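**Student:** predicted coordinates and the sequence they were generated for:
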Amino acid sequence: MLNSDARNFTPATRWNTFPAGTRPLLAIQLCATLSFSVLYSSLVLYMTGELGLPAALANSMTGVFVALNFALHLLTGYLGGRYCSYRALFMLGMVAQTSGCWLLAGHDPAYLYLALGAFLIGSGINSTCINCMLTQCFAPDDKRRETAFIYNYAGMNLGFFIGFSLSGFFQLTHQYPRLFMLSSMGNIFALLFCFYHRRVLADKTTRFAARDPLSQKRWATLIFILIACMPWVLSQLLQFADLSNKIILVIGACMLLVAIHMGRKCATRHEQLKMQAFIVLMAVAAIFWMLFQIGPMGLVQFIAHNVDRHWVLGTIPPQWFHNTNTVCIVFGGPLLSWGMTRLRARGINVNAPAQFSIALCLIGLAFVLLPWGIARADEFGMVSPGFVMSCFALQAMGELLISPIGYAMVGALVPELLQGVMMGMWMLMSGIGATLASYCSNWMTHGVSSVDPLLTNAGYSFVFLRLGLLAIATGLLLMVAVPKINRWIQCNPSVDNDLAEDSLTPVTE
């Protein structure tokens, strides 16, 4: 049954009528994203340009950095809500992430791995904690959840916009220490926001909240010790990037089997079918994230060396091209929310599987555009920046259809006791995509030691085209399966004696 808030939700519903925790979480998301966006867009360029590391090693390290970031979301999903509150985990993560920024600002290569390890603790914790705290603000059948996640996602991308802009400015002047120190301020603000609003962000229905105070203190102490040791462990994994990437792929495959097992163990047939739909969509999303995560690896190197970045009297930093994506999401997120709300008000139910299919086709088209641009390069092999901007715009459209909807999908399709783990697994798919993206990025320039566009354009074109066609083919296959997946999602509990009384079946408004 829909609660009263969900029944009364109309297109005229204002943001300030949402639960109290949604507004501070939007500000926290924006601030916490800033420093991650700096490393996400600049890590390859920093390691190759400032530290002199080979491009293949920089790609592998960036791949394992991004993959570990999302793999830690899975660990957070398991620990958070069970052995520590999401709020406390987030605050500990912000302290670790700030420490990582300060170590990077020291500009000492000897501390690179430890700095990245400390940073990963924060970036790997914060997204899952924020999303789970936001999920707790709504009842499972509250239609406002999707709108809240879309707005939160737009706020996150506003943080990306600020981070990308700062990265490009300081990258042109090679002032990386100042960049890392400045980016740490976002973490500090996020920490202060969380502390100030600690009451409305407290765990509500988690297992940890149900524990007695003594048990809470014991488990919180153990979690603190674990987090204190994790930077050293992660620094070791970063030093063996190739091995770590393989381990992450194995973990991803194993966790997918675990998710299938959990789905079969659900108490009712209704829950089993919804979990089945969630697992299929989660696995398909890995293809999308593989192409998307090429952005901070092979694509940013392509932009740096093969794209004409000279405009008027200046040079456009490679990181600023990423802002095409963020601008589209910041403005497109609220528009998408408004459009979907209007459609539902008219009785048109927009379903997640169709959105995933369209997202895959869009990102596939984005990568198919790049070989066309390479074919039209000038006599020096330089590609027009318009093709890259169009690529990022299409990626943003696909991202809006798949990413915030995926977060909201956890609360709608997954049983409450499994939501933390499944939120982590959903994010782990981005890590799997990043690992695959590092292999694809190294494939682009395999056997070519030069950065001359006339020598590297052929390799980039070959890989871009095949990745784009793979995504489009996957999207079309998913489109064929949409009716069946929708039947799993919309299973009617009234015809199944094993189902619980309450239903999470989407309701057409």
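**Tutor:** Yep, that arrived.

**Student:** quick one: the strands in the stretch 201-350 of the chain?
**Tutor:** In the stretch 201-350 of the chain, the strands defined using DSSP state E, counting those that start in this stretch lie at 310-311, 314-315.

**Student:** would you turn those into a markdown table with mean neighbour count and mean pLDDT?
**Tutor:** For every residue, glycine as well, the C-beta is placed using N, CA and C. As requested, those are exported to a markdown table (neighbours: other CB atoms under 10 Å; pLDDT from 0 to 100):
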| stretch | mean neighbour count | mean pLDDT |
| --- | --- | --- |
| strand 310-311 | 10 | 80 |
| strand 314-315 | 10 | 78 |
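
**Student:** Ala375 is nearest to which of these?
**Tutor:** strand 310-311 (21.0 Å; CB to CB).

**Student:** show me what the host helix or strand of Gly155 is packed against.
**Tutor:** Element membership of Gly155, judged by DSSP states H and E, is helix 144-172. Applying 3 or more CB pairs under 8 Å, 6 or more residues apart in numbering; DSSP states H and E, one finds that helix 144-172 contacts helix 22-45, helix 112-135, helix 176-196, helix 323-345, helix 385-413.

**Student:** and the lengthiest helix in the chain, which residues are buried?
**Tutor:** Longest helix in the chain by number of residues (criterion: DSSP state H): helix 453-489. The neighbour-count check on helix 453-489 (16 or more other CB atoms under 10 Å) flags 453, 456-457, 459-461, 463-465, 467-468, 470-472, 474-475, 478-479, 482, 485-486, 488-489 as buried.

**Student:** avg pLDDT for the helix holding Gly155?
**Tutor:** The average pLDDT within helix 144-172 is 82.

**Student:** list the helices and strands the longest helix of the chain packs on?
**Tutor:** Here helix 453-489 touches helix 269-292, helix 300-306, helix 352-375, helix 419-444, going by 3+ CB pairs under 8 Å, 6+ apart.

**Student:** most tightly surrounded among those helices?
**Tutor:** Most buried of those, by mean neighbour count (mean count of other CB atoms under 10 Å): helix 419-444, with a mean of 25.

**Student:** and it, how far out from the chain middle?
**Tutor:** Relative to the chain's own centre, helix 419-444 is displaced by 9 Å; criterion: CA atoms, centre = their mean, to the nearest Å.

**Student:** now the angle between helix 269-292 and it, please.
**Tutor:** Inter-element angle recorded for helix 419-444 and helix 269-292: 30 degrees (by axes from the mean of the first three to the mean of the last three CA atoms, to 10 degrees).

**Student:** helix 419-444 - contacts with which helices or strands?
**Tutor:** Packed against helix 419-444 by the contact rule (3+ CB pairs under 8 Å, 6+ apart) you find helix 55-79, helix 112-135, helix 241-264, helix 269-292, helix 385-413, helix 453-489.

**Student:** can you pull the contacts of Trp232?
**Tutor:** Going by CB atoms under 8 Å, 6 or more residues apart in numbering, Trp232 touches Leu114, Gly117.

**Student:** for the record, mean pLDDT for the longest helix of the chain?
**Tutor:** 91.

**Student:** need the helices and strands packed on helix 419-444 in JSON lines (columns: distance to Gly433).
**Tutor:** Below are the helices and strands packed on helix 419-444 laid out as JSON lines (distance: least, CB to CB, whole Å):
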{"stretch": "helix 55-79", "distance to Gly433": "8"}
{"stretch": "helix 112-135", "distance to Gly433": "15"}
{"stretch": "helix 241-264", "distance to Gly433": "10"}
{"stretch": "helix 269-292", "distance to Gly433": "3"}
{"stretch": "helix 385-413", "distance to Gly433": "11"}
{"stretch": "helix 453-489", "distance to Gly433": "11"}
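
**Student:** for Val38, find the nearest of the ones you listed.
**Tutor:** Across the helices and strands packed on helix 419-444, Val38 has its closest neighbour in helix 112-135 (10.1 Å, CB to CB).

**Student:** and the angle from the closest one to helix 144-172?
**Tutor:** Angle between the axes of helix 112-135 and helix 144-172 is 160 degrees (criterion: the same axes, to 10 degrees).

**Student:** what's the mean pLDDT across helix 112-135?
**Tutor:** So the average pLDDT for helix 112-135 ends up being 87.

**Student:** for it, which helices and strands make contact with it?
**Tutor:** For helix 112-135, the packing partners by 3+ CB pairs under 8 Å, 6+ apart come out as helix 22-45, helix 55-79, helix 86-105, helix 144-172, helix 213-239, helix 385-413, helix 419-444.

**Student:** still on that earlier bit, closest one to Met427 among the helices and strands packed on helix 419-444?
**Tutor:** For the helices and strands packed on helix 419-444, distance to Met427 was read as CB to CB. The smallest value, 3.5 Å, belongs to helix 55-79.

**Student:** can you name every helix or strand that that closest one contacts?
**Tutor:** helix 22-45, helix 112-135, helix 213-239, helix 241-264, helix 419-444.

**Student:** may I see those helices organised as a markdown table, with distance to Arg198 added?
**Tutor:** Below are the helices and strands packed on helix 55-79 laid out as a markdown table (distance: least, CB to CB, whole Å):
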| stretch | distance to Arg198 |
| --- | --- |
| helix 22-45 | 10 |
| helix 112-135 | 11 |
| helix 213-239 | 14 |
| helix 241-264 | 32 |
| helix 419-444 | 19 |
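
**Student:** quick one: which of those helices is nearest Phe70?
**Tutor:** For Phe70, the closest of these is helix 419-444, at 3.1 Å, according to CB to CB.

**Student:** between that closest one and helix 86-105, how many degrees?
**Tutor:** 30 degrees.

**Student:** now the angle between helix 241-264 and helix 419-444, please.
**Tutor:** Put simply, helix 419-444 runs at 140 degrees to helix 241-264, going by the same axes, to 10 degrees.

**Student:** heads up, I number from 341, so please use that
**Tutor:** Noted, 341 is the first residue going forward, which turns the last one into helix 759-784.

**Student:** possible to save the helices and strands packed on helix 452-475 as CSV with distance to Phe661?
**Tutor:** Listed next are the helices and strands packed on helix 452-475 as CSV, based on distance: least, CB to CB, whole Å:
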stretch, distance to Phe661
helix 362-385, 9
helix 395-419, 17
helix 426-445, 23
helix 484-512, 9
helix 553-579, 26
helix 725-753, 5
helix 759-784, 16
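
**Student:** so which of those gets nearest Ser677?
**Tutor:** Using CB to CB, the nearest of those to Ser677 is helix 484-512, at 4.4 Å.

**Student:** the inter-axis angle of that closest one versus helix 725-753?
**Tutor:** Using the same axes, to 10 degrees: helix 484-512 against helix 725-753 is 150 degrees.

**Student:** list the buried residues of helix 484-512.
**Tutor:** Buried, per 16+ other CB under 10 Å, within helix 484-512: 484-508, 510-511.

**Student:** starting at the chain centroid, how far to that helix?
**Tutor:** On CA atoms, centre = their mean, the centre of helix 484-512 falls 12 Å from the chain's centre.

**Student:** just the pLDDT for Ile368.
**Tutor:** Reported pLDDT for Ile368: 91.

**Student:** give me every residue that touches it.
**Tutor:** Residues in contact with Ile368 (CB under 8 Å, 6+ apart) are Phe430, Ile470, Ala530, Phe533, Cys534.

**Student:** isn't the first one up against Asn471?
**Tutor:** When you say that, I think you mean Phe430. No: between Phe430 and Asn471 there is no contact under CB atoms under 8 Å: 10.7 Å.

**Student:** between those two, which one's more packed in?
**Tutor:** When Phe430 and Asn471 are compared for neighbours, Asn471 comes out ahead with 31 against 27, by other CB atoms under 10 Å.

**Student:** and the gap between the more buried one and Met521?
**Tutor:** Per CB to CB, to the nearest Å, Asn471 is found 28 Å from Met521.
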